[in-house]
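Chemist: Got a predicted structure plus its sequence, pasted below:
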Amino acid sequence: MARAATTADAFNAVAEPRRRQILDALAVGERPVNELVGLLGIAQPQVSKHLRVLREVGAVDVRSDGRRRLYRLNGRALKPIHDWVRSYEQTWSERFDQLDAVLEDLKQKEEGDASE
Amino acid sequence: MPVSSQTATVTLPTDEQILITREFDAPSHLVFQAYTTPELVRRWWHANRGRVTVAEIDLRVGGKWRYVSVTEDGFEVAFHGEYREIIPNERLVSTEVYEGAPVGDYPYEGTLNTATFAEEDGRTTLAILVEAPSREIRDAIIESGMEAGMQDALDLLEGVASSLR
């Protein structure tokens, strides 16, 4: 399974919360590093480190625009992974929304018992 | 009134792990109760994809658990495992084995799942840490989940698809 190694690497790259913030920011359009620094509120070396990881797995591309380097999302490489994380999150979110309803019932029952 | 619905957060903290977290507007003893009581598990485990047909819980160290759910088009999904550590209202450690097709090319012995229930100001953060025996098995679990998830992905993920075009 040659594809598996690449997919797994991309999973690790994308699953880090800061990197997902970067990907969300780049989903809107390409940006230079300093804009990402401003958006995320973390130091440039950290942003650059995350961008390097994302470039290594093909999640992000870069091009030069004069003196600036602009980063953009490579959506096609990412989509299966992003879909999986979202789909897994969706399953758990739906479970937990049902669990909220169960908890409301338990809270009411407890309050009822306490006032008896 | 139910609180506005929040999404679960899924991350991959290390090469062998998957971490699911979510906060609930209830004290930890109620979240633990809803998590470990069969008739209550039946009400939330299905994730709106069908119904839970089996929820067996023998809540003691060495005791077994088994959940089966059936989707509306008749697809059955079953998991089982064994409890390893139980601290009521705080921590629940259990094994989990998916009773489906083999996961990738790897021998599949299941995962070790640690659920922690952390209460603060009457609210509880539930964290479920899923640990696979190796990175290869974790990734195989993810990949098999990805393929299964693709079946209803189109309905669920319209927003994602457009943002990643």
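Modeler: Alright, I've got the coordinates.
Chemist: burial of residue 36, as a residue count?
Modeler: Picked chain A for this. By the criterion of other C-beta atoms under 10 Å in any protein chain shown, residue A:36 has 20 neighbours. All C-beta spots, glycine's among them, are computed from the backbone N, C-alpha and C.
Chemist: ah, I was thinking of chain B
Modeler: Neighbour count of residue B:36, defined by other C-beta under 10 Å: 18.
Chemist: residues contacting the spatially most central residue of chain B?
Modeler: Centroid-nearest residue in chain B, with C-alpha atoms, centre = their mean: residue B:128, separated by 7.3 Å. Contacts for residue B:128 (C-beta atoms under 8 Å, 6 or more residues apart in numbering or on different chains) come out as B:19-21, B:113-115.
Chemist: Quick check: bridge partners of residue B:51?
Modeler: Counting by DSSP bridges, residue B:51 is bridged to residue B:70.
Chemist: Kindly list the longest helix within chain A.
Modeler: Longest helix in chain A, counting residues (DSSP state H): helix A:75-115.
Chemist: ok, is that one in contact with chain B or not?
Modeler: Yes: residues of helix A:75-115 are located near chain B by C-beta under 8 Å from any C-beta of the partner chain, namely A:75, A:78-80, A:82-104, A:106-107, A:110.
Chemist: Now a PyMOL select for only the buried ones of those residues.
Modeler: To isolate the buried members of the residues of helix A:75-115 next to chain B in PyMOL, using 16 or more other C-beta atoms under 10 Å in any protein chain shown:
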select buried, chain A and resi 75+78+79+80+82+83+84+85+86+87+88+89+90+91+92+93+94+95+96+97+98+99+100+102+103+104+106
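Chemist: gap between the two ends of stretch B:120-134?
Modeler: Chord length of stretch B:120-134, first to last residue, is 34 Å (C-alpha to C-alpha, to the nearest Å).
Chemist: ok, back up a step: now do the longest helix of chain A, average pLDDT.
Modeler: The average pLDDT within helix A:75-115 is 83.
Chemist: who are the neighbours in contact with residue B:110?
Modeler: Taking C-beta under 8 Å, 6+ apart as the test, what residue B:110 contacts is B:81, B:95-98.
Chemist: Nearest residue to the middle of chain A?
Modeler: Residue closest to the mean C-alpha point of chain A, counted by C-alpha atoms, centre = their mean, is residue A:20 at 2.7 Å.
Chemist: Spatially, what comes nearest to that residue if we skip its sequence neighbours?
Modeler: residue A:14 (6.4 Å; C-beta to C-beta, 6 or more residues apart in numbering or on different chains).
Chemist: What helix or strand is the one you found located in?
Modeler: Counting by DSSP states H and E, the element that carries residue A:14 is helix A:2-15.
Chemist: The helix or strand just after that helix relative to helix A:75-115, how many degrees between them?
Modeler: Note on helix A:2-15: by DSSP H and E, the next helix or strand toward the C-terminus is helix A:17-28. Taking axes from the mean of the first three to the mean of the last three C-alpha atoms, to 10 degrees, one finds helix A:17-28 and helix A:75-115 inclined to each other by 120 degrees.
Chemist: How about helix A:17-28, which residues are buried there?
Modeler: Counting neighbours by 16+ other C-beta under 10 Å, one finds that the buried residues in helix A:17-28 are A:19-23, A:25-27.
Chemist: does chain B sit close to whichever helix or strand comes after it?
Modeler: Note on helix A:17-28: by DSSP H and E, the next helix or strand toward the C-terminus is strand A:31-32. No: using C-beta under 8 Å from any C-beta, we find that strand A:31-32 stays clear of chain B, coming within 14.9 Å at best.
Chemist: Tell me the pLDDT of residue B:148.
Modeler: The score at residue B:148 is 45. That number is its pLDDT.
Chemist: and if you look at residue B:43?
Modeler: Reported pLDDT at residue B:43 in the predicted model: 91.
Chemist: burial of the nearest residue to residue A:34 once chain neighbours are set aside, as a residue count?
Modeler: Spatial nearest neighbour of residue A:34, excluding adjacent residues (C-beta to C-beta, 6+ apart): residue A:44 at 7.2 Å. Neighbour count for residue A:44, taken as other C-beta under 10 Å: 11.
Chemist: before we move on, the earlier item: is it possible to get JSON lines of the buried residues of helix A:17-28 that adds distance to residue A:68?
Modeler: Shown next, in JSON lines, are the buried residues of helix A:17-28 (distance: C-beta to C-beta, whole Å):
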{"residue": "A:19", "distance to residue A:68": "21"}
{"residue": "A:20", "distance to residue A:68": "24"}
{"residue": "A:21", "distance to residue A:68": "21"}
{"residue": "A:22", "distance to residue A:68": "17"}
{"residue": "A:23", "distance to residue A:68": "20"}
{"residue": "A:25", "distance to residue A:68": "16"}
{"residue": "A:26", "distance to residue A:68": "15"}
{"residue": "A:27", "distance to residue A:68": "20"}
